[in-house]
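1. Got a sequence here, can you model it:
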Amino acid sequence: MSGLDSIPVRVEGGPSQDFRTDNLQPVLVQLQQAVEHLLAAGEETTIDLGAMPFSERDEADLRERLGVGEVAATLDAFGPTRIEETRFAGVWLIEHQDAEQRRLTLHLHVARVPEILCAPIDDIADGLAVLRAMNLNLPDS
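-> Predicted structure coming up:
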């Protein structure tokens, strides 16, 4: 044992729900630019809130400013994904969780409809094949 082991250590502070970074305003500016880009070029934008310092307080402030829109969806694939439209049409909050419902990512997505909600063309073709097979097996009326 070294002499440092005998020094008492007390941890104070730590992360607080009231902690704010200075990133909320830049995110809102980036969001405005993304909406302008969607309207001008028709191109979608994703802002990864987990890729920057963004506290719980920042998230609460962001959610308060963006409000709640009319559309929400939940997908269940390898864990729940919650897709929520904000009060601003075309601005979506998308949260991916793992099977234990721990957050994996939180994104702002700017699009008419988030791509994750669009059925892949291969899946549509597979469904059509099943429908055709079902119709072949229907009794004549």
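2. Tell me where the protein has helices.
-> Assigned by DSSP state H, the helices in the chain fall at 24-41, 56-66, 121-136.
3. Residues in contact with the first one: which ones?
-> Right, the one you point to is helix 24-41. 43-45, 47, 49, 52, 54, 58, 61-62, 65, 88, 90-91, 108, 110-112 (CB atoms under 8 Å, 6 or more residues apart in numbering). All C-beta atoms are positioned from the backbone trio N, CA, C, and that covers glycine.
4. So which of those residues are in strands?
-> 45, 47, 91, 108, 110 (DSSP state E).
5. in the sheet, who's paired with the residue most central in space within the chain?
-> In the chain, the C-alpha nearest the mean C-alpha coordinate belongs to residue 94, at 1.7 Å (CA atoms, centre = their mean). Here residue 94 shows beta-bridge partners residue 83, residue 107, assigned using DSSP bridges.
6. Distance check, it against residue 64.
-> 18 Å (CB to CB, to the nearest Å).
7. ditto for residue 83
-> 19 Å.
8. Which one's more surrounded, these two?
-> residue 83 (20 against 8; other CB atoms under 10 Å).
9. what sits against that one?
-> 71, 72, 73, 74, 75, 92, 93, 94, 114, 116, 117.
10. ChimeraX command for the buried members of those?
-> Those of these that count as buried under 16 or more other CB atoms under 10 Å are selected in ChimeraX with:
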select :92,93,94,114
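11. Pick the one among the contacts of residue 83 closest to residue 128.
-> residue 117 (19.6 Å; CB to CB).
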